[in-house]
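A.B. asks: the amino acid sequence is not available; the structure is as follows:
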Ligand SMILES: Cc1cn([C@@H]2O[C@H](COP(=O)(O)OP(=O)(O)OP(=O)(O)O)[C@@H](O)[C@H]2O)c(=O)[nH]c1=O
């Protein structure tokens, strides 16, 4: 059916709707979807106050509903369905969340709150793709979209993997001024009882409503339009040539800025193009086609290779980064934090930028999951509020700024670095970098802000990955602004911590200090880890240092530490965790600053080689692997 090409993508799959809502069943079956209904047993009792926004609550509830069904079916049948859809509709009056009334009095309280006012209806939706490892194999995990496709392991029984794509839709509804008599008449009709907010807009409740802004079906219980867009996003990853324009009703893509002409003509909807160009059943390499392609390949019937989605995303990755950097540089997230949601034209006015281009930037940011776009305008998503606003406690602005101003340029010289060979790779990348850094205080500060913002995320995990209370003193080599030192001093009340870093860094570190009692036990010592004698300490710490250096430098550093460290002393190394332990990788890549991380085993061997014993490994948060070794007697 022409209208439902994306729905058709689910046609050959076992699809389950994890909902007892007759409205959701009707909306989806009217759209041509074939599915089984398995109502979720998940109790809608998440702690509302722990969610920053009402929609975050709805999305999480939708996800838990779907995961509960996926897990239960997997355990029962030993075969989970391919796709489980969960949804949760709530009514929000400001921060207050209204669900289904428990009795008539409750319905009355809810309807009275809504009476004569505007409120929001949010439906959170989770699309859970289940992949049983023995069928699809570990290599089949697909990472599709730039925003909401979030692969997660679901620990149901160790064999069921799930990938959850989640989103929400908001609709604004205004109630007329209603008399008590009318409210009670409505309540006595029985209609409110199984409906969020105590009304059903699709039936008698429609008479209470003055206006609706947004998707009507979203109020009824399922945002079909957004759902189809999400399916299109998942199943029809856009081809570069399809993506020239971002339109309000299409799925924006980072290619938008590729066409720098000002003409508004010639836009194409990626969903539409995908339909025409790649909508055939057997073309894509996406997950819906994967088992069939595999079968067909085994039977020799399929000669076309899988669609290289991941590769195309990789080719576009730099555009997404540049969009993020540009938005940070323009202070877009700061403006939206203070004054959002705003329409594009108002954002442009506040930033003194070109209105057309600003709208494109905003749309792409929305596609990347950095902004939310509603009829009220653009606003920050949670992740943007948390990490992209300049003065936030967890701001990563410093990192974005440094990557844009500096790392970006370094990587444009990658070809040169690689052509000049392994020994000069560092020369081409690193020496230039160092030279520029030493030339400019501002660049040093930029670097420090970047490191500071990243270390803030991980310092606590690193400090607590092992019990370090047996050490009386520690020296953080290349400790930069002292953020890890601070965490160590806080965690271990006896510990004296030295931060050892280049003089131009220690000189500027004062600007990053927050005061507090633990500062008394922290001192900054200027010096070069490769040249100067290392301060004495029971424990040496290297946090995100080794990965930046080629093997010769790394061994030099470890051997210097090994000589300074007394028997019984320790070395704590924290580095980016490698995803797959023992995976082989090019040694040359490591010398590039975005090189492949070493595995935990490689770190263990490095420490052992330099005289450390009892080497233990732990994970620190999502990002880092931490290794602790004890210096053996020489
Ligand atoms: C505002 C409004 C809501 N609803 C229904 O309210 C229920 C919300 O509750 P839920 O918890 O999201 O779903 P459920 O019905 O408990 O089902 P389940 O998915 O199994 O939790 C859903 O039914 C919706 O249609 C309407 O039918 N019309 C409206 O105008």
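C.D. replies: That came through, no problem. Keep in mind it's a predicted model, so treat the numbers as computed, not measured.

A.B. asks: all contacts plus neighbour counts: C-alpha atoms, from now on.
C.D. replies: Fine.

A.B. asks: and residue 560, how many residues sit next to it?
C.D. replies: Using other Cα atoms under 10 Å, residue 560 is surrounded by 18 other residues.

A.B. asks: sticking with it, tell me its helix or strand.
C.D. replies: Element membership for residue 560, per DSSP states H and E: helix 551-564.

A.B. asks: contacting residues around that helix?
C.D. replies: Contact with helix 551-564 is made by 529-530, 534, 536, 540, 546, 591, 607, 610-612, 631, as judged by Cα atoms under 8 Å, 6 or more residues apart in numbering.

A.B. asks: likewise stretch 172-190?
C.D. replies: Stretch 172-190 is contacted from outside by 104, 107-108, 111, 114-121, 192, 204-205, 208-214, using Cα under 8 Å, 6+ apart.

A.B. asks: what about 6 Å?
C.D. replies: Contact with stretch 172-190 is made by 115-120, 208-213, as judged by Cα atoms under 6 Å, 6 or more residues apart in numbering.

A.B. asks: can I get the residues you listed in CSV including neighbour count and distance to residue 170?
C.D. replies: Below are the contacts of stretch 172-190 laid out as CSV (neighbours: other Cα atoms under 10 Å; distance: Cα to Cα, whole Å):
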residue, neighbour count, distance to residue 170
115, 20, 19
116, 16, 19
117, 15, 16
118, 19, 13
119, 20, 10
120, 23, 6
208, 22, 19
209, 20, 16
210, 14, 17
211, 13, 14
212, 17, 11
213, 14, 9
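
A.B. asks: which among those residues gets closest to residue 372?
C.D. replies: Distances from residue 372 to the contacts of stretch 172-190, taken as Cα to Cα, are shortest for residue 120 (15.0 Å).

A.B. asks: give me the neighbour count for the nearest residue to the closest one once chain neighbours are set aside.
C.D. replies: Distances taken as Cα to Cα, 6 or more residues apart in numbering put residue 172 closest to residue 120, at 4.5 Å, once the chain neighbours are dropped. Using other Cα under 10 Å, residue 172 is surrounded by 20 other residues.

A.B. asks: which pLDDT value belongs to residue 172?
C.D. replies: pLDDT recorded at residue 172 is 96.

A.B. asks: three-state assignment of it?
C.D. replies: strand (DSSP: H, G, I helix; E, B strand; the rest coil).

A.B. asks: can you list the buried residues in stretch 169-185?
C.D. replies: Residues 169-176, 183 are the ones in stretch 169-185 that count as buried (16 or more other Cα atoms under 10 Å).

A.B. asks: host element of the most far-flung residue of the chain relative to its centre?
C.D. replies: Within the chain, residue 181 marks the point farthest from the mean C-alpha position, 49.2 Å out by Cα atoms, centre = their mean. Assigned by DSSP H and E, residue 181 belongs to helix 180-188.

A.B. asks: now do residue 129
C.D. replies: Assessed by DSSP H and E, residue 129 sits inside strand 118-132.

A.B. asks: picking up where we left off before, mind checking how far the residue nearest to residue 120 is from residue 446?
C.D. replies: 43 Å (Cα to Cα, to the nearest Å).

A.B. asks: for residue 226, same thing?
C.D. replies: Residue 226 sits 40 Å away from residue 446, going by Cα to Cα.

A.B. asks: which one's more surrounded, the two?
C.D. replies: Remark: of residue 226 and residue 446, residue 446 carries more neighbours, 21 against 17, as counted by other Cα under 10 Å.

A.B. asks: just to revisit the earlier point, partner strands of the next helix or strand after the helix holding residue 181, with direction?
C.D. replies: Using DSSP H and E, the helix or strand that directly follows helix 180-188 along the chain is strand 209-213. Applying DSSP bridges, strand 209-213 is found paired with strand 160-175 (antiparallel).
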